[in-house]
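[1] sharing a sequence plus its predicted fold:
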Amino acid sequence: MIDRKAPRSRLSEWSRRLKEAFAFSEAGVLAALILFFTVMYLLSPAFRTQYNMTSILKQISTTATIAMGQTLVIISGAFDLSQGPVAGLAAMLTAISWQHWGLPVPLAICFGLGVGIACGLANGLLAARFNLHPMVMTLATATVFTGLNYFITRGYPVTRLPQGLKWLGRGQIGPFPVPILVMLLVSATMHVMLVRTLYGRRVLQVGGNLEAARAVGIRVERTRTGIFAISGFLAALGGIMIVGRVGNALPTIGQDALFPVVTATILGGTLLSGGVGSMAGTLMGAGIMGIVMNGLVLLRFNIYLQDVVQGGLVIIALLTDQFRRGQLTWSKVIGKKR
């Protein structure tokens, strides 16, 4: 006698295993990353080359590095609009401290990173101690940092940089490009900090419920100040990496950084309301951005349509955020009355 239930049982077993395999929170982001990668792999032979794959990773390394700091800030329930100007100011002061002040390359890089930390601390103190709205406050400080950048540099670039200052952007350690290694190191460090440390748990608690965090004794002001300091540090690191990749220090560095950084963060599943997010998701979100933009170039899309696609990705990410928060449902979308 043929057992007709056997195929069904095997099907249900495979379905159960598939659900278990994709039960982690970043499953949707991973699925989107695989989908975009597969589509581009099939559409463009140039996309499949090792050179192009390496180029994509190099391109997203800066975005992902800066986005790790933005992810931490958004998880805490805030927002940092000053990351781009911080990256530019830190990058220019790194180059100036070497060329005009005579600092050795390692000290110049440390000085630039210190500038980023100082800018982040200023943001954190204004947000935490004076209780200023983070989004409006960082919009104001972004203007301040941009003004300082142009005041110090007079709008002139710094050229003829030594190889040491270019190393973070185009160096190699064996067969591995340095910017990719920096991105992976930053991602791993931030992941461990968020998931495995007491400070990471405090960040999640502050973003999840601010008053409850205060009630259990968490020093919210100190925690938020530290978050903005980390954001400033990673923005500065990203700016120095851009200097290395470009080969010159330009006052315009960081001006277009915020859009891809925020997009990668939201695509990665970080809730704008705070309390939920992951560094792995942000890394995959940056990967999606890199694959899509690289694919559009290879497929020779009109440059203005590329902007349309970027904006569309942000809208999709925002809609996804609304669905995840439960503020948007399919019944609302189709106008169905309950």
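    Nice, thanks for sending it over.
[2] strands of the chain, start to end?
    Counting by DSSP state E, residue ranges of the strands within the chain are 172-173, 176-177.
[3] please identify the most buried of those strands.
    Mean neighbour counts were compared across the strands of the chain using mean count of other CB atoms under 10 Å; the top stretch is strand 176-177, at a mean of 15. In short, each C-beta sits where N, CA and C put it, glycine included.
[4] listing partners with orientation, what would you give for that strand?
    Based on DSSP bridges, the pairing partners of strand 176-177 within the sheet are strand 172-173 (antiparallel).
[5] what does the partner strand contact?
    With contacts defined as CB atoms under 8 Å, 6 or more residues apart in numbering, strand 172-173 is touched by 178, 181.
[6] quick one: distance of that strand to the chain centre.
    For strand 172-173, the distance between its averaged C-alpha position and the chain's averaged C-alpha position is 23 Å (CA atoms, centre = their mean, to the nearest Å).
[7] next one: stretch 198-207
    Between the mean C-alpha location of stretch 198-207 and the chain-wide mean there is a distance of 19 Å, by CA atoms, centre = their mean.
[8] equivalent analysis for stretch 198-218, please.
    Averaged over its C-alpha atoms, stretch 198-218 has a centre that lies 22 Å from its chain's centre (CA atoms, centre = their mean).
[9] please apply the same query to stretch 49-64.
    Counting by CA atoms, centre = their mean, stretch 49-64 is centred 15 Å from the centre of its parent chain.
[10] rewinding a little: JSON lines for the strands of the chain, including distance to residue 285?
    Converted to JSON lines, the strands of the chain look like this (distance: least, CB to CB, whole Å):
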{"stretch": "strand 172-173", "distance to residue 285": "26"}
{"stretch": "strand 176-177", "distance to residue 285": "21"}
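[11] next one: phi and psi at residue 77?
    Note on residue 77: its backbone torsions stand at phi 90, psi 10 [degrees, to the nearest 10].
[12] now the nearest residue to it once chain neighbours are set aside: how far from residue 208?
    Counting by CB to CB, 6 or more residues apart in numbering, residue 77 lies nearest to residue 274, which is 3.2 Å off, once chain neighbours are set aside. Between residue 274 and residue 208 the distance is 7 Å, computed by CB to CB, to the nearest Å.
[13] who has more neighbours out of these two?
    Relative neighbour count places residue 274 above the other of residue 274 and residue 208, with 21 against 17, counting by other CB atoms under 10 Å.
[14] please report how far that one lies from residue 124.
    When distances are taken as CB to CB, residue 274 and residue 124 turn out to be 16 Å apart.
[15] how about residue 218?
    Relative to residue 124, residue 218 is positioned 15 Å away (criterion: CB to CB).
[16] out of the two, which sits in the busier spot?
    Residue environment comparison for residue 218 versus residue 124 gives the larger neighbour count to residue 124, 26 against 18, counting by other CB under 10 Å.
[17] which stretches of the stretch 201-338 of the chain form helices?
    Counting by DSSP state H, counting those that start in this stretch, the segments of the stretch 201-338 of the chain that form helices are 210-215, 220-246, 258-267, 279-298, 303-325, 330-333.
[18] end to end on stretch 118-137, go ahead and measure it.
    The separation between the terminal residues of stretch 118-137, taken as CA to CA, to the nearest Å, is 16 Å.
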